[in-house]
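Q: Sequence and computational prediction follow.
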Amino acid sequence: VKTVLVIGIGLGEPQHLTLQAVEALNRVDVFLVVEKGSTADELGAIRRSLCERFATSRPHRFLSLADPPRDRNSNDYKTAVDNWTAARAALYADVVRRDLADGECAGLLAWGDPAFYDSTLRVLDAMKATGDLDVHIEVIPGISSIQALAAAHRISLTGVGRPLQVTTGRRLAANGFPDDCDDVVVMLDGGAAFRHIDPTGLWIYWGANLGSERPSLVAGQLDEVAEEITVQRSLARAQRGWVMDTYLLRRRRVSQ
Ligand SMILES: C[S@@+](CC[C@H](N)C(=O)[O-])C[C@H]1O[C@@H](n2cnc3c(N)ncnc32)[C@H](O)[C@@H]1O
């Protein structure tokens, strides 16, 4: 049997690696590195350096794969994503067939935790669905930007017995803050969606480049700190060339 290990690595900070992740890194024969360009190059370099530092108990190799192109201009978002998923699945299937010997283990390193806005497990499901591969898939959880954000602000994300919604900047901008939930974590927000919603009664706990040497944190009443976040975001982008941010929006009920 061949094995694919999906290893959540946290946010690049070596101390985010769990002992389970380190153990898993040391089982890998072939690390699959998907090259995407720009921001991802730096994230790719971080992944490689984690392997070099922690996967030391046995020899391993790296296999670079070119990411299949994705049609980002298509009006049909779902079809574009489905096509890309199928192309990635075919790429992984080729690797498993051609580059992995029976009994060997391939490793895919997922940024944060693979459970949040990460395509790896969806692609591997599509790969398995193609039918003829005898491959075992294991997942090692990692520290997500969601947990890193909560820890950095020293907050719990959930009210007592209350739900938490995790969503994207695009959805928040399109739908506004939900009526039926007081705590919303927003990811994948390239357009500062928090500036496009009604800020009444909302607090924000914002963090950028968490797990890096220079994280940025801002918290406060949304209408009072939105401008500061915009400035901090630009500064973080200027320093590093890119920025990744996550935030919690919390509605403060009068009784809270
Ligand atoms: C493709 S998703 C991957 C999320 C990842 N699987 C996780 O568990 O955090 C990328 C989004 O995660 C968030 N993110 C990733 N790294 C981050 C970081 N270092 N600091 C803050 N947010 C981050 C941002 O919202 C970014 O747009």
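A: Structure received.
Q: Quick one: name whatever helix or strand follows the helix or strand of the chain with the lowest mean pLDDT.
A: Lowest by mean pLDDT, DSSP states H and E among the helices and strands of the chain is helix 39-54, with a mean of 85. Once the chain leaves helix 39-54, the next helix or strand it forms, by DSSP states H and E, is strand 61-66.
Q: So the least confident helix or strand of the chain, near the ligand or not?
A: No - using CB under 6 Å from any ligand atom, helix 39-54 stays clear of the ligand, coming no nearer than 8.6 Å. Backbone N, C-alpha and C define where each C-beta goes, glycine included.
Q: For that helix, list every residue counted as buried.
A: A40, L43, G44, I46, R47, L50, C51, F54 (16 or more other CB atoms under 10 Å).
Q: Let me know the angle separating that helix from strand 61-66.
A: Inter-element angle recorded for helix 39-54 and strand 61-66: 170 degrees (by axes from the mean of the first three to the mean of the last three CA atoms, to 10 degrees).
Q: rewinding a little: ok, of the buried residues of helix 39-54, which one's closest to the ligand?
A: Nearest to the ligand, judged by CB to the nearest ligand atom, of those is L43 at 8.6 Å.
Q: Where does the stretch 101-250 of the chain get nearest to the ligand, which residue?
A: Using CB to the nearest ligand atom, the single residue of the stretch 101-250 of the chain nearest to the ligand is G112, 2.3 Å away.
Q: Which residue is the nearest non-sequential neighbour of that residue?
A: Excluding the flanking residues, the one nearest G112 by CB to CB, 6 or more residues apart in numbering is S144, at 4.2 Å.
Q: Could you tell me how many residues sit around the one you found?
A: The tally of other residues near S144 (other CB atoms under 10 Å) stands at 27.
Q: Double-check it against D118; I have them as touching.
A: No - taking CB atoms under 8 Å as the definition, S144 is not a contact partner of D118, at 9.4 Å.
Q: Next, show the common contact partners of the two.
A: Common contact partners of S144 and D118 (CB atoms under 8 Å, 6 or more residues apart in numbering): G112.
Q: The closest residue to Q221 other than its chain neighbours - how many residues pack around it?
A: Nearest non-adjacent residue to Q221, counting by CB to CB, 6+ apart: W203, 5.8 Å away. Other residues within reach of W203, judged by other CB under 10 Å, total 16.
Q: Am I right that W203 sits in a strand?
A: Yes - if the criterion is DSSP: H, G, I helix; E, B strand; the rest coil, then W203 is within a strand.
Q: give me every residue that touches it.
A: Contacts of W203 (CB under 8 Å, 6+ apart): A219, G220, Q221, L222, L249, R250, R251, R252.
Q: go on, T120?
A: Listed by CB under 8 Å, 6+ apart, the contact partners of T120 are V6, L108, A110, P114.
Q: Could you pull up the mean pLDDT of whatever helix or strand the first one lives in?
A: Counting by DSSP H and E, the element that carries V6 is strand 2-8. In this model, strand 2-8 has a mean pLDDT of 98.
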